[in-house]
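> Predicted structure and sequence below. I'll ask about it afterward.
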Amino acid sequence: MSQTRILYNDRCPICRAEIAHYRRRAETTGAALVFEDLNRADLGGWRLTPDQARRRMHAALPDGTIVSGIPAFAAIWAALPGMGWLARLVMLPGVRGVADLLYNRVAAPWLYRRQMRREARGLAGTGGGA
């Protein structure tokens, strides 16, 4: 069975919690998902710099295509039984535009800046405050 690989930042507490949820569902259902912490992954295989990898979530689809942002979330949801409807919904043209806008302009930049501040304060990977 081909797997979808998900690249995420395990040092980001919000990212780690969300991926832990998806990982539990994947393990319970046998979904073909593999989760890779960008801090341990070979980013060359992803064709990403460390900074690019930190700025958003990425997925390598079974055919080798690499997607990021909302399509990466859709790849997770499509692989998880019972969540395919959400993947289809978020990829509809009007919904996708709004979801992309919110993720690209609000959520991803906020998470990136938040994590950079945590790392500057030495809190990355410690579970320490926000």
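Arrived safely. Numbering: from 1, shown residues only.
> Every contact and neighbour count from this point should use C-alpha atoms.
Fine.
> tell me the contacts of the residue sitting nearest the centre point of the chain?
Nearest to the geometric centre of the chain sits residue 57, at 3.3 Å (Cα atoms, centre = their mean). For residue 57, the contacting residues are 6, 7, 8, 9, 68, 69, 72, 73, by Cα atoms under 8 Å, 6 or more residues apart in numbering.
> So which elements touch the helix ranked longest in the chain?
Identified as the longest helix of the chain according to DSSP state H is helix 13-29. With contacts taken as 3 or more Cα pairs under 8 Å, 6 or more residues apart in numbering; DSSP states H and E, helix 13-29 sits against strand 4-8, strand 33-37.
> Can you say which of the ones you listed is nearest to residue 48?
Smallest distance to residue 48 across these (Cα to Cα): 10.6 Å, for strand 4-8.
> show me where pLDDT drops low in this structure?
The chain contains residues with pLDDT under 70 at 1, 124-130.
> how about the strands in the chain?
For the chain, the strands defined by DSSP state E occupy 4-8, 33-37, 58-60, 66-68.
> Now do the second one against helix 13-29: the angle between them, please.
In other words, strand 33-37. Here the directions of strand 33-37 and helix 13-29 differ by 150 degrees (axes from the mean of the first three to the mean of the last three Cα atoms, to 10 degrees).
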